[in-house]
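[1] With the input below, show me the fold.
(one chain, ligands or ions: 2)
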Amino acid sequence: MDKYKGLNEPQRTAVFHVDGPLLLLAGAGSGKTRVLTHRIAYMIEEKGVAPWQIMAITFTNKAAKEMRERVDKLVGAAAADVWVSTFHSSCVRILRRHADRVGYDRSFTIYDADDSKKLVRECMKQLNVDPKYFKESAVLSAISGAKNQYIGPAQYRKDALGDMRKETIGKIYDLYQQRLKSCNVMDFDDLLVKTVELFVMNEDVLAYYQDKFRYIMVDEYQDTNGVQFRLVHLLAKKHRNLCVVGDDDQSIYRFRGADIRNILDFEAVFGNAQVVRLEQNYRSTRKILDAANGVIRNNRQRKPKKLWTDNQDGMDIVYKTLYTEVEEAAFIAEQVAEGVKAGRTYKDHAVLYRTNAQSRAVEDSFVKRNIPYKLVGGVSFYQRKEIKDILAYMVLVDNSADDLSLRRIINVPKRGIGDSTVERIGEYAYERGIGMYEALGRAREIPGIARAASKVEQFHAFMEKCRGIAAQGGLVGLVETILKETGYEEALRLENTPESQDRLGNIGELVSKMAEYETMSEDPSLVGFLEEVALVAAIDTLEGDDNKVVLMTLHSAKGLEFPVVFLGGMEDGLFPGYMSINSGNPEDIEEERRLCYVGITRAMEQLYLLNVKRRLVHGTSQFNMPSRFIREIPQELLAVHETELTPSIEAAPVVGMSPRTTGKYAGSLYGSGRYGAKPSQGDSSKRSIPGPSDRTLEYGEGDLVKHGKFGVGQVQRIEAGGADYQVTVNFPSHGVKKLLSSFAGLKKV
Ligand SMILES: Nc1ncnc2c1ncn2[C@@H]1O[C@H](COP(=O)(O)OP(=O)(O)OP(=O)(O)O)[C@@H](O)[C@H]1O
Ligand SMILES: [Mg+2]
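    Residues are numbered from 1 along each chain as shown. Ligands and ions are numbered 1, 2, ... in the order given. As a prediction, the model looks like this:
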């Protein structure tokens with residue numbers, strides 16, 4: 001039972017409560033996820049629960065991977081059969097076995113958002129819906145919203161009666177769903193919807209899984225939506241051994257249908273639930289935690305709670321205003337470089353932002369300074385054109401009913417099959433109720449494509465050949481055939497531009513991934529590979545062992561932690577965004593505030609809050625006020641920098657910086673010596689202090705210094721003490737130390 005010594009009392013209560021419903025409701029960094037992993041260990045080792053009877057669901061693939069690793073470490077090989085996965089991958093696993101029970105072939109394909117959008121576009125075209133009035137993305141998000149609430153097309157159309165706009169969307173939804181089904185394709189939301197449908201319609205299947213998964217755990221439960229709730233409820237209602245874990249203050253996916261009531265109503269839905277609250281935060285320094293508490297307490301819609309910590313006060317939170325986003329980015333790069341010089345690793349640092357577009361400037365500055373970084377989200381690897389092209393070939397080999405993939409590549413690279421030919425093939429197939437691929441085999445019969453018929457036949461023959469190769473296994477062989485015989489690779493090589501080189505590099509990466517998949521997986525198959533690819537959420541590109549700075553949106557940072565966190569763009573209009581400021585709905589600001597709370601609580605030791613006076617957004621300058629969330633942080637927690645403040649930002653507890661023209665831009669936040677440790681200190685220009693023995697120190701109050709034993713710390717006070725200086729330094733890992741400068745060997749970092 002030694003394993004459980006590292007848990008506090010309420011954590012242990014939660015770990016040892018195995019039977020019956022359990023709600024673990026607690027703030028950020030209080031060890032919720034840690035409880036889950038220990039609970040799995042406890043059930044297997046102490047309660048004799050079979051690993052395959054345990055299902056643990058997390059929100060992102062990255063979180064699932066991390067949980068898997070932690071469980072493996074705690075339990076060892078015995079844990080291999082525990083299902084640790086996201087909702088989506090659990091559903092895929094279930095549907096691969098039973099999709100026929102909901103009218104799909106088990107080899108169904110999975111569409112990503114981009115594919116779905118294309119299909120919506122096609123449906124709109126077929127229904128003559130004017131894209132001027134209906135944006136695909138809006139239609140798709142309405143469809144997705146409906147699916148998240150488990151509302152099917154029929155129900156949607158019924159509810160829409162009388163609302164013209166909704167009626168139209170209902171029609172599109174209906175056709176979209178038909179088209180998906182006829183191509184044997186599911187979109188991301190369908191994975192959940194169809195699994196729920198499977199259980200609702202097939203009692204035997206449900207009973208099987210209810211008995212299989214006797215113990216169910218869900219992390220980040222505050223962000224579950226309607227269909228996810230149904231799924232969990234169906235699975236758990238027989239044995240009622242359900243443990244959900246979450247924090248209402250971290251509910252940030254309302255826009256994707258997350259329903260905070262799922263967690264707030266848990267006790268009502270599952271009677272006799274044990275409720276455990278955790279209040280001690282183990283992740284962050286006290287200052288960081290106080291800042292987070294300062295922000296979140298402004299939300300009205302929350303269960304009051306207060307997190308405390310035994311951790312050190314830690315360093316002041318750095319708040320800095322720069323002039324442009326380019327300077328903001330340069331500043332971040334500078335700080336990372338300094339941190340690394342002082343002994344941190346790159347991956348200790350994370351840059352979090354509200355919108356993906358903000359990453360661009362940061363990336364540029366990192367490239368300039370040779371700082372390795374990893375972008376999570378944005379245009380992920382699998383969204384790149386060349387990757388999607390090659391994968392479309394492979395999807396078509398796997399599932400010839402997938403018309404969308406066929407359309408994508410029938411003339412890529414160009415092989416003389418024009419748009420009108422493709423349309424004719426589509427019409428021909430549609431009239432006969434067959435797939436386009438089947439129609440290719442009858443090219444000669446298709447009216448109006450006479451000249452292209454032989455090209456179509458050639459393409460068909462080539463695809464047949466590929467299917468032959470695939471049937472014999474050999475993924476790499478298949479992809480190489482595609483790359484060579486279609487001329488795809490050659491065309492890029494001839495183009496010989498930096499972009500085409502880049503694309504070739506990406507393709508090379510894809511081939512290596514396939515090779516790796518083939519050697520690593522127990523039972524490699526084309527469909528298995530494609531599944532893995534389809535499930536790679538953006539977050540997956542974040543591999544633990546890569547020593548790189550992580551750049552990602554606040555949304556994808558949920559559940560993660562980093563020693564140093566930069567929150568850029570702390571501006572009203574960006575964070576919180578204009579939409580939420582102007583919506584008139586206070587809930588929108590509250591959601592943004594929760595996101596801010598999530599962001600702050602990712603930081604373990606050091607937090608930077610940054611904003612700029614002028615930001616280029618879509619090519620136009622925006623002049624934003626500092627984010628209201630900054631004002632909500634107790635001012636004494638912020639490191640203030642004396643500077644020539646402009647009147648517009650003086651009102652906020654702001655640190656500005658002098659314009660670039662007046663001198664060197666603050667090379668280091670502390671390094672320029674113009675920062676005081678406390679705002680109250682007023683003048684903090686302590687570039688160097690003349691000392692008793694006429695020596696000068698290279699650091700001033702507020703500076704970061706490195707000590708041989710204690711690591712990096714922040715200078716709080718420097719006092720002249722006879723022949724030497726007494727320097728008070730706050731080391732996050734060792735607390736506040738008073739040192740004599742001549743002995744301490746402190747180096748400014
Ligand atoms: N009892 C404990 N003793 C020491 N460290 C702990 C304890 N509980 C949790 N921790 C550590 O605190 C950090 C936060 O834990 P964890 O990630 O489980 O929190 P969480 O509540 O899931 O946070 P979030 O709300 O952000 O998901 C981790 O580094 C974890 O190892
Ligand atoms: Mg967690």
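[2] Give me the residue at the spatial middle of the chain.
    Ser556 (2.4 Å; C-alpha atoms, centre = their mean).
[3] mind checking the SS state of it?
    The three-state assignment at Ser556 reads helix, by DSSP: H, G, I helix; E, B strand; the rest coil.
[4] Isn't it up against Val376?
    Yes: using C-beta atoms under 8 Å, Ser556 is in contact with Val376, at 5.5 Å. (C-beta placed from N, C-alpha, C; glycine too.)
[5] a strand runs through Tyr725, doesn't it?
    Yes: Tyr725 forms part of a strand when assessed by three-state DSSP.
[6] Got phi/psi on the residue lying closest to Val550 once chain neighbours are set aside?
    Here the nearest residue to Val550 in space, its sequence neighbours aside, is Ala350; by C-beta to C-beta, 6 or more residues apart in numbering that works out to 4.5 Å. With angles defined as degrees, to the nearest 10, Ala350 sits at phi -130, psi 140.
[7] Please look at Ala350 and Val564 and confirm they touch.
    Yes: counting by C-beta under 8 Å, Ala350 touches Val564, with 7.2 Å between them.
[8] show me the contacts for the residue nearest to Phe266 when sequence neighbours are not counted.
    Spatial nearest neighbour of Phe266, excluding adjacent residues (C-beta to C-beta, 6+ apart): Leu23 at 4.9 Å. Residues near Leu23 by C-beta atoms under 8 Å, 6 or more residues apart in numbering: 243-244, 263, 266-267, 273-276.
[9] Next, Leu23: secondary structure please.
    Here Leu23 is recorded as strand under three-state DSSP.
[10] Identify the bridge partners of it.
    Val244, Val275 (DSSP bridges).
[11] Return the residues of the chain in contact with ligand 1.
    6-8, 11, 26, 28-34, 247, 250, 282-283, 559, 561, 601 (C-beta under 6 Å from any ligand atom).
[12] Pull out the buried members of those residues.
    Neighbour-count burial (16 or more other C-beta atoms under 10 Å) is assigned, among the residues of the chain next to ligand 1, to 7, 11, 26, 28-34, 247, 250, 282-283, 559, 561, 601.
[13] Can you flag which of these belong to helices?
    11, 32-34 (DSSP state H).
[14] Taking those residues, tell me the two that lie furthest apart.
    Gln11 and Thr33 (11.1 Å; C-beta to C-beta).
[15] returning to what we had before: mind checking which of the buried ones among the residues of the chain next to ligand 1 land in strands?
    Members of those lying in strands (criterion: DSSP state E): Ala26.
[16] Near ligand 2, list only the ones from the buried ones among the residues of the chain next to ligand 1.
    32-33, 559 (C-beta under 5 Å from the ion).
[17] now those residues as JSON lines including pLDDT?
    Listed next are those as JSON lines, based on pLDDT from 0 to 100:
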{"residue": "Lys32", "pLDDT": "95"}
{"residue": "Thr33", "pLDDT": "94"}
{"residue": "Gly559", "pLDDT": "91"}
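[18] can you give me the helices for the stretch 151-300 of the chain?
    For the stretch 151-300 of the chain, the helices defined by DSSP state H, counting those that start in this stretch cover 153-160, 164-182, 188-201, 203-212, 226-236, 261-264, 266-269, 286-296.
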